[in-house]
Structures are given as C-alpha cells and as structure tokens.
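**Q** build me a model from this:
(one chain, ligands or ions: 1)
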Amino acid sequence: MLVACSTTLGIENVDSSDRTLDENEPWSDSDTTGDSTDTQSDGGSGTDEPIEEIVPAESSELDEVWPDYRAFLADAIPDIEQFWRDNYSLVYRGDYTELGGGVHAHFPDNTADLPVGCAFVGDYSDVEENAFYCDEGDFIVYDDAVLFPEFADEFGMSVTALVIAHEWGHAIQGPNRNDILYSYASTTIELQADCFAGAWVADAQRNGVKGVRLSDRDVTSALLGLIQLGDVPGGLPDDPAAHGSAFDRVSAFQDGYLGGVVPCAGYEESEPLPLQFGFTLEELQRPNPSDFPFDQEMFDLLTGDLALYWNVVAPLLDADWIEPTVTLVAEAETPPTCAERIRPAPGVWFCPRGSRLVVDVDLAKRVYDEIPGDFAVAYLLALGYAESVRQTLPIATDGEQAALLNDCLAGMWTGDILPFNTDPAVESTEETPRVGLSPGDLDEAIRLAILIGDESFDTDVVGSPFEKVDAFRQGVFFGAAGCR
Ligand SMILES: [Zn+2]
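**A** This next block holds a predicted model:
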C-alpha cells in the first residue's frame, strides 16, 4: 500500500523502514479486559482457528491415491482430454481434435524429443517457472523441475492439473480448433481459459479423476495457485496484466465451475470487463515493493483511513455509526470480554457496546507474512470496521448474509482507495492523506478471502471463497449499490 499525496496518483512511498516493531512494546493497554459485569458470549462467528489451519491442507485424498503429482497428472491429463471430447460440441462447431503436439514435462537435462514453435526450440530456460500452450506446434509444455513441484508442495497436487486445464483452454482457443486466440483482448482469452479450467474442475469433482473426486479443499487451494500463474502462451502479448486481476480470475473460474463450458464460450459474445489497473508494466512486474513495514504506523495509517472513510460514508447509508476504538492485543492475551462479542474475521473481535475493535496482532503478523502482504492485514481490519458499520445499519442481517455484507463493505472502502478512482468519498489532502492501493494489494485480499472462506461450498457460515470474493468485488466496483 501507499500513502497518496493530495494532487496526483503518482503516489509517494512512505519510507518508514526505520520504524520497526519494538518487540517489547506492549500492543495492548488495560482496555482489553472489558467490563467485568459483562456476560461473555461469542457472536456465533465460528471458532478462533489459528491461521495455520486456514492455510491449505497439506494432505488431501489425492495424496492417498497417487504417490505424487506426476502420477496424478498421468491420470488427470487424459481426464481433461476426455472432458473436451465430451464437451467441445456443446459450444463449438466441428469436432474436437487431439493436441497435435501433445503435453510435455520439461526439466534441465531432459533428453526427450520436444515439439518446437512460438520461439521455443526446446530450451528449458524458456519454460522455467512457467507453463504454456504453443499454437504453432499445438502443444503444452510445463516446468516439471521448479514450478510444478513447488506448486504441488504449496497448494496440493490438484493445482498442477488445474494449470494444465487452463493451458488446455488455450488449445481450445487455438487455430486447430476454435481459432479465436487472436480475435479478442488477451484478458478475455486468459479469463476464458480460467473459465474452461473451472468447468473441468467441477467435472472432476462430480465424476472424479479415475473415480477419485476432488474435494472442495483441493479446489480452493488449487485456485490459490492458479491466480499466481502468469503463463506466456505463444504469440500472446507478454503482458503480466493480461490475466486480469485475481478477482477477475476467480470470477471467471467460478463461471465455468458453476455453468460448465457454455458461459465460458459466452465471453466471445460479451467480453468480460477486467479490472484495469493504472499501473505500468514495470510496476506490475515488481513482486510487491510497496508493502508497509509491519509496525504500529501501518495500523495507524489503515485504521485512520478506514475511520476517515466511514465517518463520511456511514451516514450516507443511514448508519448510526460510532467510530470504534481499536486495540491491538498479543495472541497470548485474552480476547475481549464484552456483552456481545462478534468475530467478523480471524483474530478480529468487535464489541458493539462501546464500539470496540480488538485485533490479534500476532495473527495479523502471520497473515502479513504468509499471504503475504500488508493489504491482507488491511482486509482483516476492513472486515472489523465493516462489522461496526453493519451493526448500525437500518437493515438487520445475520449469519452468512452478514459476513458477505461485511466483505462488500470492505470492498466499498477498497474501491475508494483504488488509484484510478477519480471521485473518492474523502479527498486526500496534505493534512489527511489517504492510503492507496499498490500493485498486488487486491490479490492479497483475495488470497485471504479464499483462505478464510467456508471450507465446503455447501456450508454457510461466512460464505464460500467464491461468494466472499464476489461480495468483495461488488463493493469495489459498485460501492453501496453493489452491497444491497
Ligand atoms: Zn493463460
């Protein structure tokens, strides 16, 4: 994140690197114990799961069936192929044809005879940390030495098949089949490939790969991997923005997941409008240089900005909002005691009485380190503020509906600090500079939203990853109108 200056979007990076967290600095004051006469109750927002358990499962049923991702892929690749034999005619004329150049693993010292095309002449370095489809040779090649082992390790083996399914989507678009690879915006092409991948995943959940069904957890963690992938398919503009933002990609995946290949083909009639960020190519290629250091100042900037925003916007929603006091507590300290304690996000508690927000700073630090990024912490805080606003809205909500409304309200604030927002609720001034999003920030929020979403798509506690991302997106794009 950045602190915006008042006049330009050119944005000035705050260098607060000299301000690091004083390990001995207490995060809390005596305010955390609350009123001893209060009755303590959990607001019914779930248990206080540690973040370690929110991070994707290290094992899934797939691990019991296949010894490693390579063995899994040996079955998943024919499954993807069969999926297209079965589904191609639903959306396109003519017959589906097999990939003329096949699917190939690549690694250093690979002596196999590989197809060539799209400036690829077999060098491992051209596919290192990547996977792509080449239309000239009608083949898919993937990095089997670094990318796939690392992805499988981090997200589970299902992600490797999801990447292949995305590349297969490009093969469907290729000249030997539907021949649209160069007819549409590269974002449309990429999002359609994500949509096709979602369609296959839903099929693999319903029918299984060799009879083994992917679990919701396999899907969720694979999705986290997919949104990190930036393939360089032959000939397509080598533009990292070409894949769309993470929530564009999740939405596209969801379209295919819910509707099969038909809505994906529909992108050719009505192209999805991806979130266009005003970032330069160079900025987008940087990992994320603009994270605030994790310190008190980061919390002050974020809570200050949230307060600025809601002080103006809450009255517009007829909310009788009182700015909450925010207290940071260490994990070891007890959560707040208050009459009605609500937990709108992991490590975030809200006490409506007296409007108090309490944040577990150790959990926030883990989120900062593991997602990683400052905007993941911003999203946690935004959910806390959203809860404080939601409580005072004239219309009552509860359960999953309340949680999703919080995501939408958090999205409203996020939309207000988008760098290209020309009409923010609160202008950035010298005295009250607003924070602003930097490249990668939205992805951080999306990654956390996916991780803290309900584990199964059928459970309704805080919303499925799809529902959460969608609610957040509605708020970002449409403001209050998106949250009705
Ligand atoms: Zn792609």
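**Q** now the strands for this protein?
**A** Secondary structure of the chain, counting by DSSP state E: strands at 2-3, 102-106, 131-134, 139-143, 325-329, 342-345, 348-351, 356-360, 435-436.
**Q** of these, which is nearest the ion?
**A** strand 131-134 (7.4 Å; Cβ to the ion). For the C-beta atoms, the positions are set from N, CA and C on the backbone; glycine is no exception.
**Q** if you count neighbours, what's buried in the closest one?
**A** Neighbour counts over strand 131-134 (16 or more other Cβ atoms under 10 Å) mark 131, 132, 133, 134 as buried.
**Q** picking up where we left off before, a markdown table for the strands of the chain, including mean pLDDT and distance to the ion?
**A** Converted to a markdown table, the strands of the chain look like this (pLDDT from 0 to 100; distance: least, Cβ to the ion, whole Å):
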| stretch | mean pLDDT | distance to the ion |
| --- | --- | --- |
| strand 2-3 | 76 | 29 |
| strand 102-106 | 97 | 15 |
| strand 131-134 | 93 | 7 |
| strand 139-143 | 96 | 11 |
| strand 325-329 | 94 | 41 |
| strand 342-345 | 92 | 32 |
| strand 348-351 | 94 | 36 |
| strand 356-360 | 94 | 38 |
| strand 435-436 | 89 | 29 |
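**Q** residue 403 and the ion, how far apart?
**A** Separation of residue 403 from the ion (Cβ to the ion, to the nearest Å) stands at 32 Å.
**Q** likewise residue 122?
**A** 21 Å.
**Q** can you offset everything so residue one is 46?
**A** New numbering, starting at 46: the last item is residue 167.
**Q** tell me who's in contact with that residue.
**A** 159, 161 (Cβ atoms under 8 Å, 6 or more residues apart in numbering).
**Q** for it, give its distance to residue 159.
**A** 5 Å (Cβ to Cβ, to the nearest Å).
**Q** also residue 523?
**A** Taking Cβ to Cβ as the measure, residue 523 falls 47 Å from residue 159.
**Q** which one's more surrounded, these two?
**A** Neighbour count, other Cβ atoms under 10 Å: between residue 523 and residue 159, residue 159 has more, with 20 against 15.
**Q** check the gap between the more buried one and the ion for me.
**A** According to Cβ to the ion, residue 159 and the ion sit 20 Å apart.
**Q** doesn't residue 151 make contact with that residue?
**A** Yes. The pair residue 159 / residue 151 is scored as a contact, 6.8 Å apart, by Cβ atoms under 8 Å.
**Q** what about the stretch 396-529 of the chain, any weak spots by pLDDT?
**A** Applying pLDDT under 70 to the stretch 396-529 of the chain flags the ranges 484, 501-503.
**Q** so who does the residue in it that the ion sits nearest to touch?
**A** Per Cβ to the ion, the residue of the stretch 396-529 of the chain with the smallest distance to the ion is residue 488, at 16.4 Å. Residue 488 is in contact with 272, 290, 291, 418, counting by Cβ under 8 Å, 6+ apart.
**Q** with neighbour count and distance to the ion as extra columns, can I get those in a markdown table?
**A** Converted to a markdown table, these look like this (neighbours: other Cβ atoms under 10 Å; distance: Cβ to the ion, whole Å):
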| residue | neighbour count | distance to the ion |
| --- | --- | --- |
| 272 | 21 | 12 |
| 290 | 21 | 14 |
| 291 | 25 | 14 |
| 418 | 26 | 23 |
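**Q** walk me through the domains of the chain.
**A** Listed domain ranges for the chain are 47-101+337-528, 111-321 (source: automatic domain parsing).
**Q** quick revisit: in CSV, list the strands of the chain along with distance to residue 442.
**A** Formatted as CSV, the strands of the chain follow (distance: least, Cβ to Cβ, whole Å):
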stretch, distance to residue 442
strand 47-48, 33
strand 147-151, 47
strand 176-179, 42
strand 184-188, 45
strand 370-374, 23
strand 387-390, 12
strand 393-396, 14
strand 401-405, 19
strand 480-481, 28
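**Q** show me where the stretch 46-195 of the chain has helices.
**A** 106-110, 114-136, 192-200 (DSSP state H, counting those that start in this stretch).
**Q** so which of the ones you listed is the most packed in?
**A** Mean neighbour counts were taken over the helices of the stretch 46-195 of the chain using mean count of other Cβ atoms under 10 Å, and the top value, a mean of 19, falls to helix 192-200.
**Q** quick one: contacts of it?
**A** For helix 192-200, contacts defined as Cβ under 8 Å, 6+ apart pick out 101, 113-114, 150, 173-176, 187, 204-205, 208, 266-267, 269-270.
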